[in-house]
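Participant: Here's a sequence, model it:
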Amino acid sequence: MMDYIASHQAEFWLVAGVALLALEVLIGFAAGVFLFAGLGALASGLLMLVGILPETWIAGISATGVSAGVLAALLWQPLKKLQANAVPEKDNSSDLVGHEFVLTTDVSLTVPGQLQYSGVSWRIVLDPACGLKELSAGQTVKVSSVDVGVFKVTPLV
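Facilitator: You can find the predicted model right below:
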């Protein structure tokens with residue numbers, strides 16, 4: 001078996017690269033070490049396959065280490081930007097924003113109301129941006145924001 005692997009170095013490094021990348025995916029992209037080592041092993045295997053590198057253990061290990069380092073240096077910043085923890089802005093582009101209706105129950109900042117609309121039981125929450133602490137039943141309101149199962153409302157003036 002070792003003789004077969006030694007005589008097929010390019011294929012060995014390609015398989016090792018794929019195995020390391022699969023391990024990185026299984027771990028959950030946490031380590032990064034397997035990512036760069038896998039990409040380095042793939043690069044070494046490809047360089048051996050095309051004939052640029054000799055098919056020896058020393059060339060394979062060296063090329064894997066050097067290419068992993070170079071790829072890590074080149075890809076570190078772009079991959080770091082992909083993992084930025086910036087919270088995306090809330091998308092208020094729902095067709096329900098602007099919908100007007102009459103409250104059937106009192107709604108305050110601490111006590112939500114309820115509305116049956118379009119087959120869904122919506123929780124009615126007073127939008128803190130309106131500056132009021134409560135709205136009474138019978139008042140006409142407008143939806144200012146929509147979350148999952150929640151209408152944030154403001155009074156119509």
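
Participant: Test my guess that V102 contacts G138.
Facilitator: Yes. Counting by Cβ atoms under 8 Å, G138 is a contact partner of V102 at 6.3 Å. Bear in mind the C-beta positions are built from the backbone N, C-alpha and C, glycine included.

Participant: And for stretch 135-148, what's in contact with it?
Facilitator: Contacts to stretch 135-148, defined as Cβ atoms under 8 Å, 6 or more residues apart in numbering, come from residues 90, 92, 94, 96-108, 124, 126-127, 129-130, 151-156.

Participant: at 7 Å instead, please
Facilitator: 92, 94, 96-107, 126-127, 151-156 (Cβ atoms under 7 Å, 6 or more residues apart in numbering).

Participant: mind saving the C-alpha coords of that stretch as CSV?
Facilitator: The C-alpha coordinates for stretch 135-148 follow below in CSV (Å, rounded to 0.1, in the frame of the first residue of the first chain):
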residue,chain,number,x,y,z
LEU,A,135,-53.8,53.2,22.6
SER,A,136,-57.5,52.5,23.4
ALA,A,137,-59.9,50.1,21.6
GLY,A,138,-61.7,51.8,18.7
GLN,A,139,-58.8,53.9,17.7
THR,A,140,-57.6,53.7,14.1
VAL,A,141,-53.9,52.7,13.7
LYS,A,142,-51.4,52.1,10.9
VAL,A,143,-48.8,49.3,10.7
SER,A,144,-45.3,50.9,10.9
SER,A,145,-43.3,47.7,11.0
VAL,A,146,-43.8,44.0,10.5
ASP,A,147,-42.0,41.1,12.3
VAL,A,148,-42.9,37.5,12.3
